[in-house]
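K.L.:
model this:
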Amino acid sequence: EWLRESLIAMESLQELDLGNNDMSMSLNALTRLTGLKRLNLSSNFLDGETATALGSMPNLEHLCLADTGTRHGFVLPLHVVPAIKKCPNLVHLDISRMGMHAEHGGALDQLLLKLTRLQYLNIGGNRLAAAGLHEIADTLSDTRQLTTLDLSDNELGAWGTARLA
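P.N.:
Here you go, the predicted structure:
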């Protein structure tokens, strides 16, 4: 409760790092931080309300959600991806180790189409496999401003390697 109240009072905050805190509370207070440019929520247990709050931060440029999950088997990518689409200024996105599978490839493809300023993308440590990569491969090849792409530990196999070559 004290953290939520403190965040509400920090309307001019531009950078917030809450990574590795094992938090399991809702952070819907983030919706009031419209000037936020950098946010790290990695290694926490987030809920759908917090994921949705990300969509109310249009000035966000750097977002790290690596290794986020939930305590109740909730599939976070289903809520995170639509919210991130509402952050058109993102240049750095880390959504590694979020438990994404091949079936999330289509949602990732739609996300990449919206994030036209993205320069850094880390989707490593998921289980996208070749099928998931197939969904995003064409969009990735059209993303000319992307300078860093991490696909490590995604079970891409021979087809995935051939597709990237």
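K.L.:
Let me see the ranges of the strands in the chain.
P.N.:
Ranges of strands within the chain are 15-17, 38-40, 62-64, 92-94, 120-122, 148-150, based on DSSP state E.
K.L.:
any idea of the mean pLDDT in the fourth one?
P.N.:
Okay, so that is strand 92-94. Mean pLDDT, strand 92-94: 96.
K.L.:
so what secondary structure elements neighbour that strand?
P.N.:
Here strand 92-94 touches strand 62-64, strand 120-122, going by 3 or more CB pairs under 8 Å, 6 or more residues apart in numbering; DSSP states H and E. In this view, the C-beta of every residue, glycine as well, is placed from N, C-alpha and C.
K.L.:
Minimum distance to Ala51: which of the strands of the chain has it?
P.N.:
strand 62-64 (11.4 Å; CB to CB).
K.L.:
Distance from the closest one to the middle of the chain?
P.N.:
Relative to the mean C-alpha coordinate of its chain, strand 62-64 is positioned 7 Å out (CA atoms, centre = their mean, to the nearest Å).
K.L.:
So, low pLDDT: which residues of this structure?
P.N.:
1, 24-27, 69-78, 159-165 (pLDDT under 70).
K.L.:
so Asn154 touches Gly132, yeah?
P.N.:
Yes - with contact defined as CB atoms under 8 Å, Asn154 counts as touching Gly132 (7.3 Å).
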